[in-house]
Structures are given as C-alpha cells and as structure tokens.
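Trainee: Starting from these lines, generate the structure:
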Amino acid sequence: MNHDASPLVAALAGLDPMILEHEFSLLGYGRGSAPPSPEALLAEGFGARIDDPLETTFVLRRSLADELPPADTRQNGLRVILLVGELPPDLVGFASTIAGALAERNVPIILVGTASRDHLIVPEAAWPEALAVLRGLRDAARKLLETSVEAAAEADDPL
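Mentor: Numbering: from 1, shown residues only. The predicted model follows:
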C-alpha cells in the first residue's frame with residue numbers, strides 16, 4: 001500500500017509564510033506609458049515589473065514607488081508575504097487552496113508566482129489575518145500527515 005502524502009498536502013505542510021518588512025505599492029501604467037524600471041529595483045529584496053499586452057504593473061517598496069511618475073492606478077499600503085517553501089513546478093491546487101481559505105476570511109490577495117515559490121500581496125491591515133490563515137493551513141496539513149503516518153504504521157503492524 002502506498003502511504004505517500006499527496007503533493008498538495010506536503011506543500012501545505014511545508015508552508016513557511018514570512019512577512020516582508022516594508023510597505024509596498026502597486027502601480028499600473030497603460031501600455032506604452034510606463035517609465036523605465038528604476039535602477040534601484042535591481043538591489044531590492046522584492047520588487048516586480050510585469051509587462052503584458054495591456055499594461056505595465058510595478059510592485060515596489062513604497063519609497064521607491066514614490067520616485068516614479070504618477071501611475072494610471074496606484075494602490076498603497078500593501079504588504080508582501082513570501083511563502084518560503086519551494087514548490088514543485090507540477091503542483092496542482094496550491095494557489096487555489098490558499099486563495100479559497102483567504103477568501104473565506106475576506107482577505108483580498110494578489111498572488112505572484114516565481115520559479116519555485118509564491119508571494120501574496122495583501123492590504124496592510126489584513127496581513128495578521130493572512131498569516132493566521134496560512135499557519136492554520138500548514139498546521140492542518142501537518143496534522144493530516146501525522147495521522148496518515150500513524151495509520152500507515154498501524155496498517156503495516158501485523159499485530
């Protein structure tokens with residue numbers, strides 16, 4: 001009998017949310033109207049520029065965002081939660097599980113995925129709740145893993 005945990009449960013059990021220190025801003029510029037990326041972006045611990053066919057979006061530390069020209073849209077007062085654990089590239093359901101759990105608690109998120117981990121951008125006032133939800137998911141997944149290991153040990157014990 002195979003007692004391996006599902007990849008989703010294992011990923012959730014490995015959740016290690018870390019709140020980044022600074023306040024961030026999200027800036028949106030219509031296609032073709034965005035300024036060049038500031039040189040300081042290269043030295044940042046977290047920052048993003050996303051160019052798509054319709055707009056250019058920056059997520060930057062607030063003080064750096066304040067140096068850019070006025071954007072078409074701007075949202076200040078954001079915090080970034082780094083989900084430290086590495087995720088396999090073929091993992092299914094991780095983001096939807098997290099998004100659903102946060103939606104149940106009315107926590108809005110912007111999800112940013114990178115090569116091996118995800119980041120959540122949440123309003124400043126919502127980060128404590130978001131961390132609590134993420135830690136709750138992690139703890140529930142760990143308990144599920146412990147229970148399945150115990151059940152597997154009992155099933156393998158001939159007595």
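
Trainee: now the helices for this structure?
Mentor: Using DSSP state H, the helices of the chain run over 7-13, 62-65, 94-104, 127-156.

Trainee: Which positions within stretch 21-32 qualify as buried?
Mentor: For stretch 21-32, burial by neighbour count (16 or more other Cβ atoms under 10 Å) applies to Phe24, Ser25, Leu26, Leu27, Gly28, Tyr29. Backbone N, C-alpha and C define where each C-beta goes, glycine included.

Trainee: Point out the one among the helices of the chain that comes closest to Ala48.
Mentor: Closest to Ala48 of the helices of the chain, according to Cβ to Cβ: helix 62-65, at 11.7 Å.

Trainee: by contact count, what packs against the closest one?
Mentor: Here helix 62-65 touches strand 24-30, strand 73-83, going by 3 or more Cβ pairs under 8 Å, 6 or more residues apart in numbering; DSSP states H and E.

Trainee: now Val9, nearest residue through space, not along the chain?
Mentor: What sits nearest to Val9 in space, not counting adjacent residues and going by Cβ to Cβ, 6 or more residues apart in numbering, is Ala141, at 5.1 Å.
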